[in-house]
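Asks: pasting the structure only:
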């Protein structure tokens, strides 16, 4: 672990990503302290005002403080991102382990089902699921989780098949260790590297998908602040109140950028081939 | 190697960010020196206009592709704007919304249930054949035929018989007196079509042969519809235009830029765009008070909402003027069930007690109903209409003051229609058109048997009133009944009536004599270009 942090520290770009993410997490946790106003509070007399001392990043069409909404929006983005990826990663891990370890028919069945899900474009699949379940934060997370399951399943299955060839697994099977124990005690720890990298990358994808769904009005419901929802609402005003669209965009871009930086850097650090040098 | 790539990416991101910032500053400055920019632009367009001086062609951006051209089958606004130039009915509305003759030169009413129309002689269909009383009979029989499944069949369900008394005389017999009959005849779908064209093509969705001032020339799907001048039109000097070209432009933004550059001459825009265009030289914004209104519908069989006191409390807790100011940017009027643009049919709702936004009174009523601490409820709205979403959010804030915690649920348009027709929402934010006769606004939406009464609302007293109004031919007596019915409806609050918005049309200043009215938004008969 210490070695890992040391390596990350050496990789300045990855470090930048990590710091950025920590900052977003910090903002999300301390949102009530940082934000000057409640995100739903309407100052109708100040509707669509530009950035000023009173409203740092201006106000939206209801006179709500955009700065406060972006701060609280970080909570929504992270919450949706983490839980959605949590769902996708857990399901993917279970399916991937089963498919990879047992192979044969089980593998065929699981992977062909995953292929079906894989065949749909992400956003289309998420839209369909939300349309069936009805729009809400919870359903958004479930939808994104389901969308991400096939990716995790594939990655885990691939890694499991690789690890299974090792002699210590063959030995364990030979001395009669139960498959359950082999899978969780001997295989799982050894496939963590690609799994973790995928989680980081999936997080940025999940945040982006949430923003897209909210933009279409099918994700987080108003008046809860969501960066994507803010973009949707400000579309009509962007020509004469550009601050309503610029700042949420910057928030989305920077957050995704940080997650991608960290993800790519983790891939390099955790890649055993690059490790050996 | 990777690191180098990242530096590039970072660099590009930085440039993009800077570009975004500089854009912002130039845009805010634009307000101060737009004059120089627009001057150049208008100079350009002026020279263009003088060049096209002789060419009487108007280009209109349509926000939706026509859904079909059959006037008896297609109620879509994008279709009506096209086929209403091709077809004509017996009568129409003038600018004061009084009925005047169109294909009928005059009409008589020998008794309460008989209408006798005298047709203009020598009117030709676009295929050259003369239009006669037989065509009138055929057209209304087609509307009433179940196989046609016409959207206006119910308007004419009271017709008992149609009789041709001569080439230019036709008589309608009604089952009972119907005060709405003449105004229903002005409906964009109640037009005369030639039988042979219908029989040849099965229906009129892809072809169009009428008697109107413009002749259908071409429809390029997803692109444009072209109409040309009817050289044999029976009114002298009409139309003045040689061609109308409709271009389908789904995005508001593309219509906005097209009208700015002069690529098109005319388009409908929303309130925000109208504001943006207001300083633009070469473009005029015409507005009119629409016949539509926004509402908050209650499922009156809902456990809590079935109590009329709860609905009245919500009405009192609603600050409608704030909704006008924010959701409609101040461009609309607070309304009752009949929009203010229907002139003296509608009542002055501002004076009504339930429109007073008296929060204390609202709390009292809630307490009487047994909800002193308020309750939780869900408001459903369509995600594709920003004004509905805004209205829902404002209601949520306003109702909080009397302890009502509302959650907002946005749904996609198709699902919204489903929810509307099945009354599967507790509270629904939506929009109605109050139509050409108060009968539609009152009977169609709120009579127990009304086809659009999806609220499970039923009041015997109200039903009696609107039925009586429908049978009452005397104008003043009829108006009085509707005043009573409107007040009763506000009292019972099956819906909260909110705002009747203004509609906007952006027109290049080369277009002369164009005036939109609520009931005739795109009359181009006498319009020409200079």
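Replies: That came through fine. The structure displayed is predicted, hence computed values, not measured ones.
Asks: every contact and neighbour count from this point should use C-alpha atoms.
Replies: Will do.
Asks: contacting residues around the residue lying closest to residue A:60 once chain neighbours are set aside?
Replies: Spatial nearest neighbour of residue A:60, chain neighbours left out: residue A:48 (4.8 Å); criterion: CA to CA, 6 or more residues apart in numbering or on different chains. By CA atoms under 8 Å, 6 or more residues apart in numbering or on different chains, the contact list for residue A:48 reads A:58, A:59, A:60, A:61, A:62, A:63, A:241, A:244.
Asks: could you redo those residues as CSV and give each row neighbour count and secondary structure?
Replies: Formatted as CSV, the contacts of residue A:48 follow (neighbours: other CA atoms under 10 Å in any protein chain shown; DSSP: H, G, I helix; E, B strand; the rest coil):
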residue, neighbour count, secondary structure
A:58, 24, coil
A:59, 28, strand
A:60, 26, coil
A:61, 22, coil
A:62, 21, coil
A:63, 20, coil
A:241, 22, coil
A:244, 30, helix
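Asks: give me the nearest residue to the residue in the stretch 51-200 of chain B that chain A sits nearest to, chain neighbours excluded.
Replies: Closest residue of the stretch 51-200 of chain B to chain A, CA to the nearest CA: residue B:63 (16.0 Å). Nearest residue to residue B:63, sequence neighbours excluded (CA to CA, 6+ apart): residue B:250, at 4.8 Å.
Asks: which element is the one you found on?
Replies: Assigned by DSSP states H and E, residue B:250 falls within no helix or strand.
Asks: so where's the stretch 101-250 of chain B shaky on pLDDT?
Replies: Within the stretch 101-250 of chain B, no range satisfies pLDDT under 70.
Asks: the helices in it, which residues?
Replies: B:133-144, B:181-185, B:195-201 (DSSP state H, counting those that start in this stretch).
Asks: quick check: which of these is nearest to residue B:292?
Replies: Closest to residue B:292 of those, according to CA to CA: helix B:181-185, at 17.5 Å.
Asks: by contact count, what packs against the closest one?
Replies: strand B:91-93 (3 or more CA pairs under 8 Å, 6 or more residues apart in numbering or on different chains; DSSP states H and E).
Asks: so for the strand it packs on, mean pLDDT?
Replies: In this model, strand B:91-93 carries a mean pLDDT of 91.
Asks: by contact count, what packs against it?
Replies: Short answer (3+ CA pairs under 8 Å, 6+ apart): strand B:91-93 packs on strand B:99-101, helix B:181-185.
Asks: please state the offset of it from the chain centre?
Replies: How far strand B:91-93 lies from its chain's middle: 17 Å, per CA atoms, centre = their mean, to the nearest Å.
Asks: strands paired with that strand, and their directions?
Replies: Note on strand B:91-93: by DSSP bridges, its sheet partners are strand B:99-101 (antiparallel).
Asks: buried set for the strand it pairs with?
Replies: Using 16 or more other CA atoms under 10 Å in any protein chain shown as the test for burial, strand B:99-101 gives B:100, B:101.
Asks: contacts only, for residue B:345.
Replies: With contact taken as CA under 8 Å, 6+ apart, residue B:345 is in contact with B:338, B:438, B:479, B:482, B:483.
Asks: which one (most neighbours) among those?
Replies: Within the contacts of residue B:345, neighbour counts (other CA atoms under 10 Å in any protein chain shown) peak at residue B:338, which reaches 30 neighbours.
Asks: which parts of chain A sit against chain B?
Replies: A:13, A:44, A:61-62, A:134-136, A:216-218, A:221-223, A:233, A:236-237, A:239-240, A:242-243, A:246 (CA under 8 Å from any CA of the partner chain).
Asks: residue A:95 contacts residue A:110, correct?
Replies: Yes - with contact defined as CA atoms under 8 Å, residue A:95 reaches residue A:110; the gap is 7.0 Å.
Asks: these two: which is more packed in?
Replies: Legend: neighbour count by other CA under 10 Å for residue A:95 and residue A:110, higher for residue A:95 (24 against 18).
Asks: show residues contacting the helix or strand that contains residue B:360.
Replies: For residue B:360, the enclosing helix or strand under DSSP H and E is helix B:359-369. Contact with helix B:359-369 is made by B:307, B:309-310, B:312-314, B:316-317, B:372-374, B:401-402, as judged by CA under 8 Å, 6+ apart.
Asks: show the subsequent helix or strand relative to it.
Replies: strand B:376-382.
Asks: list the buried residues of that next one.
Replies: Applying a neighbour-count criterion of 16+ other CA under 10 Å, one finds B:377, B:379, B:380, B:381, B:382 buried in strand B:376-382.
Asks: other SSEs contacting the helix or strand following it?
Replies: As assigned by DSSP H and E, the chain's next helix or strand after strand B:376-382 is helix B:386-400. If you count contacts as 3+ CA pairs under 8 Å, 6+ apart, helix B:386-400 packs onto helix B:308-317, helix B:320-327, strand B:376-382, strand B:405-411, strand B:427-433.
Asks: single out the most deeply packed of the ones you listed.
Replies: Mean neighbour count (mean count of other CA atoms under 10 Å in any protein chain shown) peaks for helix B:308-317 among these, with a mean of 24.
Asks: which residues sit against that one?
Replies: Here helix B:308-317 has contacts from B:304-305, B:354-359, B:361-363, B:365-366, B:368-369, B:398-399, B:401-402, B:491-494, B:496, using CA under 8 Å, 6+ apart.
Asks: if I take that helix and helix B:386-400, what angle do their directions form?
Replies: Helix B:308-317 and helix B:386-400 meet at an angle of 110 degrees, taking axes from the mean of the first three to the mean of the last three CA atoms, to 10 degrees as the criterion.
Asks: helix B:308-317 vs helix B:359-369, what angle?
Replies: Relative orientation of helix B:308-317 versus helix B:359-369 (the same axes, to 10 degrees): 170 degrees.
Asks: now helix B:308-317: mean pLDDT?
Replies: Mean predicted confidence for helix B:308-317 is 95.
Asks: between the buried residues of strand B:376-382, which is nearest chain A?
Replies: Nearest to chain A among these: residue B:382, at 8.6 Å, using CA to the nearest CA.
Asks: now for residue 136, how many residues are close by?
Replies: With no chain named, the answer covers chain A. Residues lying near residue A:136 (other CA under 10 Å) number 20.
Asks: the chain in question should be chain B.
Replies: Neighbours of residue B:136 using other CA under 10 Å come to 28.
Asks: wait, doesn't it sit right on residue B:190?
Replies: No - at 9.9 Å, residue B:136 does not count as touching residue B:190 under the criterion of CA under 8 Å.
Asks: circling back: right, and the residue nearest to residue B:63 touches residue B:66 too?
Replies: No - if you go by CA under 8 Å, residue B:250 and residue B:66 don't touch, sitting 11.6 Å apart.
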